[in-house]
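A.B. asks: Structure, please.
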Amino acid sequence: MKELKYINKYFTKYKWRLLIGLLATISSKFLALKVPQIIGDSLNVVEDYQNNKVTDLDFVQHELLINILIIIGAVLLSGIFTFIMRQTIIVTSRLIEFDLKNEIYQQYQRLSLNFYKKNRTGDLMNRISEDVSKVRMYVGPAIMYSMNMIVLFAVGFTQMISIDVKLTMYTLIPFPLLSISIFLLSKVIHKRSSIVQEYLSKLTTFNQEFFSGMNVVKSYGIEASIIKDFDKIADQSKEKNIHLHKANALFFPLMILLIGISNLLVIYIGGQQYINGEIQIGTIIEFMMYVNILTWPVAVVGWVTSMVQQAEASQLRINEFLKQVPEIQNYNENSTELNGNVTFKDVTFTYDDTNITALKNVNFSVKSGETLAILGKTGSGKSTIIELISRLYDTKKGTILLDNNPIKEANLNDVRNHIGFVPQDPFLFSESIEDNIKFGKEDATQDEIITAAKNADVHKNIVDFPDGYKTILGERGVTLSGGQKQRVSIARAIIKKPKILIFDDCLSAVDTETEEKILSNLERISKDITTFIISHRISSAKNADKIIVLNEGKITQQGTHNQLITQEGYYKDLYEQQLLEKEI
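C.D. replies: The predicted structure is shown next:
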């Protein structure tokens with residue numbers, strides 16, 4: 001259970017709730033265990049009357065009536081305490097589940113982009129849902145039933161020993177076998193639980209990728225192949241689950257067998273003692289009731305053990321991510337004001353996962369309010385520059401300066417809050433268009449939303465929808481066309497009014513007329529904003545204050561539009577090619 005030690009901090013947090021639950025458990029089981037004693041006493045009184053040891057019938061009836069009332073009162077109070085026990089312990093388990101999910105989610109947000117390249121979405125989802133649910137079973141039902149078991153055994157066996165030591169010892173005979181069986185089965189269940197969770201992650205990942213790529217699946221007509229692959233993973237998962245539950249299935253029959261043996265011993269040994277006049281019939285019935293009351297706690301040992309082992313396996317998977325240290329650290333907790341000056345000095349960057357050197361000794365400088373356009377072939381390193389400015393990655397060679405200070409010395413949250421980013425593949429949430437734009441500024445007014453949409457040249461499209469800005473988008477914005485998604489994403493960045501605006505080839509899905517309108521609006525509203533434009537179009541770059549051309553991670557050309565069209569190289573070739581295409 002070493003991995004489950006991580007949960008101990010939550011037990012400390014909710015210690016008073018758990019303490020109340022423990023006291024309620026003790027009270028409930030103490031009252032429940034009083035019932036066999038009272039029933040045994042009642043039967044002994046009846047036996048004494050039948051054997052003429054007691055001759056007063058009124059006395060017998062009065063004793064039985066009092067005992068019945070005590071039994072009813074004990075059962076009612078036991079029920080009330082059981083309700084309190086469940087309300088404290090089970091509710092506490094839900095609170096811990098809530099806290100643990102939040103902790104994992106916050107850790108997911110802290111972890112760097114590199115982490116998400118190495119781990120699949122389905123696996124991440126499974127750890128925050130299925131694995132946390134397994135852990136909740138440990139902090140809730142497993143603990144509650146363990147408390148029940150301990151209290152029942154402590155009180156029950158103490159009571160049994162006080163009545164008859166010999167009969168109690170015979171009742172305990174099956175329990176060493178029970179302990180050995182639990183120990184051996186627990187090791188098997190732990191191993192098989194880990195494998196089951198791994199296959200569940202594989203199944204979740206497969207489904208997530210299938211649903212996300214549904215348009216590709218249907219376009220290529222590969223439904224049959226996908227179903228075949230799904231069946232293969234599902235069958236493997238089924239086999240691993242069956243393998244696990246075969247081990248689990250041994251517990252309950254074994255527990256019932258051992259309890260049955262205890263009952264037989266009570267009947268046989270107790271019967272002999274009764275024949276010899278050593279005990280009364282009420283004592284045998286009392287022992288029988290104690291054994292049967294203890295049946296569930298003994299039987300539940302297997303279930304609890306199974307839950308604990310599965311929780312251990314799940315917490316191990318959770319801890320793997322919780323113990324990871326984010327590659328991108330915030331080295332400055334103080335607030336940082338940014339003006340938007342950006343400088344790259346001898347920056348070289350290599351991706352860890354692919355070992356590809358995306359940038360090689362890159363140098364440039366952009367002042368606040370200036371626009372820098374970056375052009376180059378696919379894979380030349382354009383997007384890497386943007387990722388470094390946003391501190392999605394840290395470079396190990398060279399220096400990146402913000403306002404003449406190393407970017408690592410600036411508050412990480414402030415850096416990202418001062419950046420408005422429009423990615424090449426815009427991501428929109430399954431909310432209304434209005435909410436997607438407000439994602440850039442939560443407290444934006446309706447006028448600000450409309451102004452941002454107009455500047456992104458998407459307002460006229462939005463008002464044509466039946467619900468206008470209240471239109472709910474499909475998953476990842478599938479309701480909109482590619483160009484509309486890009487323009488809504490631009491509006492989201494504009495409304496933020498950042499110090500740095502980044503456009504990563506975000507006008508590729510719009511026509512040249514719309515592009516010119518958007519660029520004209522951007523030029524007007526970004527006079528005090530440092531702007532980076534990544535593009536494959538000369539029309540997007542020509543009005544920039546500076547233009548750099550990248551090739552295989554190196555800057556091969558640098559200057560203004562008028563300067564570069566007179567120089568032999570990539571920019572002039574691209575300009576002439578696109579000019580010819582426009583004329584045709």
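
A.B. asks: mind listing the strands in the stretch 51-200 of the chain by residue range?
C.D. replies: With DSSP state E, counting those that start in this stretch, there are no strands along the stretch 51-200 of the chain.

A.B. asks: for it, which spans come out with low pLDDT?
C.D. replies: Residues of the stretch 51-200 of the chain meeting the criterion pLDDT under 70: 179, 182-183.

A.B. asks: Show me where it has its helices.
C.D. replies: Taking DSSP state H, counting those that start in this stretch, the helices of the stretch 51-200 of the chain run over residues 57-110, 113-118, 121-137, 143-163, 165-171, 175-212.

A.B. asks: now the helices: where do they sit in the stretch 251-400 of the chain?
C.D. replies: Under DSSP H, counting those that start in this stretch, the stretch 251-400 of the chain gives helices at 251-275, 281-293, 295-322, 382-389.

A.B. asks: Of all those helices, which one is nearest Pro176?
C.D. replies: With respect to Pro176, and counting by CB to CB, the nearest of the helices of the stretch 251-400 of the chain is helix 251-275 at 10.2 Å. Quick note: C-beta positions are derived from backbone N, CA and C, even for glycine.

A.B. asks: can you give me the angle the closest one makes with helix 281-293?
C.D. replies: 170 degrees (axes from the mean of the first three to the mean of the last three CA atoms, to 10 degrees).

A.B. asks: buried residues in helix 251-275?
C.D. replies: For helix 251-275, a neighbour-count test (16 or more other CB atoms under 10 Å) marks 251, 254-255, 258-259, 262-263, 265-266, 269-270, 273 as buried.

A.B. asks: List the contacts of Asp41.
C.D. replies: Going by CB atoms under 8 Å, 6 or more residues apart in numbering, Asp41 touches 63, 67, 282.

A.B. asks: That one in helix, strand or coil?
C.D. replies: Recorded secondary structure, Asp41: helix (DSSP: H, G, I helix; E, B strand; the rest coil).

A.B. asks: Surely Arg17 is in contact with Arg94?
C.D. replies: No: counting by CB atoms under 8 Å, Arg17 does not reach Arg94; the two are 11.1 Å apart.

A.B. asks: For these two, work out which one has more neighbours and name it.
C.D. replies: A count of neighbours by other CB atoms under 10 Å puts Arg17 above the other of Arg17 and Arg94, at 16 against 12.

A.B. asks: May I ask you to confirm that that one belongs to a helix?
C.D. replies: Yes: assessed with three-state DSSP, Arg17 lies in a helix.

A.B. asks: Residue nearest the middle of this protein, spatially speaking?
C.D. replies: Taking CA atoms, centre = their mean as the criterion, Ile128 is the residue nearest the geometric centre of the chain, at 2.1 Å.

A.B. asks: Please report the distance of that one from Thr204.
C.D. replies: 11 Å (CB to CB, to the nearest Å).

A.B. asks: do Tyr268 as well
C.D. replies: Taking CB to CB, one finds Tyr268 at 54 Å from Thr204.

A.B. asks: and if you look at Ser225?
C.D. replies: Distance, Ser225 to Thr204, by CB to CB: 20 Å.

A.B. asks: Among the two, which residue is more densely surrounded?
C.D. replies: Thr204 (20 against 11).

A.B. asks: how far away is the more buried one from Lys232?
C.D. replies: 15 Å.

A.B. asks: now Lys396
C.D. replies: 42 Å.

A.B. asks: One more: Asn126?
C.D. replies: 19 Å.

A.B. asks: So which of those two has more stuff around it?
C.D. replies: Asn126 (23 against 11).

A.B. asks: moving C-terminal of the lowest-mean-pLDDT helix or strand in the chain, what's the next helix or strand?
C.D. replies: Using mean pLDDT, DSSP states H and E, the weakest-scoring helix or strand in the chain turns out to be helix 214-220, at a mean of 71. Per DSSP states H and E, the first helix or strand lying C-terminal to helix 214-220 is helix 223-249.

A.B. asks: for the stretch 251-400 of the chain, what are the low-confidence residue spans?
C.D. replies: For the stretch 251-400 of the chain, applying pLDDT under 70 flags the ranges 251-252, 295-296, 298-299, 302.

A.B. asks: Please report how far Glu209 lies from Ile226.
C.D. replies: Counting by CB to CB, the gap from Glu209 to Ile226 is 10 Å.

A.B. asks: And for Phe344?
C.D. replies: On the measure of CB to CB, Phe344 and Ile226 end up 44 Å apart.

A.B. asks: Apart from its chain neighbours, what residue comes closest to Glu286?
C.D. replies: In space, and not counting its chain neighbours, Glu286 is closest to Gly40: 3.1 Å by CB to CB, 6 or more residues apart in numbering.

A.B. asks: roughly how far is stretch 12-22 from the heart of the chain?
C.D. replies: 25 Å (CA atoms, centre = their mean, to the nearest Å).

A.B. asks: C-alpha coordinates for that stretch, PDB please?
C.D. replies: Provided in PDB are the C-alpha atoms of stretch 12-22 (Å, rounded to 0.1, in the frame of the first residue of the first chain):
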ATOM      1  CA  THR A  12      -5.600  14.600   7.700                       C
ATOM      2  CA  LYS A  13      -7.600  17.300   5.900                       C
ATOM      3  CA  TYR A  14     -10.900  15.500   6.700                       C
ATOM      4  CA  LYS A  15      -9.900  14.000  10.000                       C
ATOM      5  CA  TRP A  16     -12.900  15.300  12.000                       C
ATOM      6  CA  ARG A  17     -15.400  13.900   9.500                       C
ATOM      7  CA  LEU A  18     -13.600  10.500   9.600                       C
ATOM      8  CA  LEU A  19     -13.500  10.600  13.400                       C
ATOM      9  CA  ILE A  20     -17.200  11.200  13.600                       C
ATOM     10  CA  GLY A  21     -17.700   8.300  11.100                       C
ATOM     11  CA  LEU A  22     -15.500   6.100  13.300                       C
END
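
A.B. asks: buried ones in it?
C.D. replies: 14, 17-18, 20-22.
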